[in-house]
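1. got a sequence here, can you model it:
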Amino acid sequence: MDKLRIDKWLWAARFYKTRSLASEAVNGGHVHVEGNRVKPSREVKVGDVLEIRKSPYVFKITILELSARRGSATVAQQLYAEDAEARATREALVEQRRILAASAPRTEGRPDKRDRRRIIRFINKNQVGD
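-> Numbering: from 1, shown residues only. Below is the predicted model:
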């Protein structure tokens, strides 16, 4: 096999759960081949460079192998090589988002009746003072 549809390859490489999601991403302009926007029917070959945007992350990969069958995650990772600079940027963003999430206050869910009354009392108290 020399060439393969890009939506099939993205599905087989486990970037998207279904081929239809891969097609939607390609149609939506989230996948570029060699810097150009493409259609889902575009055929890719070994050596093509893809830029895949999965908000907020960007993957820059080079295709090493073609496969129309979806295998395990370890098999899927052998289909491509990721750019080291793009990986470092993505990992830094992951770490930044993890730190931000850890610093955000966690709530235990919706306020109960007593908490709602306190909130209303607090809001009304501050509105009267305005």
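2. partner residues bridging the residue nearest the centre of the chain?
-> Geometric centre of the chain, nearest residue: residue 54, 2.9 Å, by Cα atoms, centre = their mean. For residue 54, the beta-bridge partners are residue 57 (DSSP bridges).
3. residue 21 and residue 112, how far apart?
-> Per Cβ to Cβ, to the nearest Å, residue 21 is found 39 Å from residue 112. C-beta coordinates here come from the backbone N, C-alpha and C atoms, glycine included.
4. could you pull out the strands for this structure?
-> Ranges of strands within the chain are 4-5, 31-33, 36-37, 43-44, 49-54, 57-63, 80-82, based on DSSP state E.
5. so the longest one versus strand 49-54, what angle?
-> Orientation check (axes from the mean of the first three to the mean of the last three Cα atoms, to 10 degrees): strand 57-63 against strand 49-54 gives 150 degrees.
6. in the protein, which helix is the longest?
-> helix 84-103 (DSSP state H).
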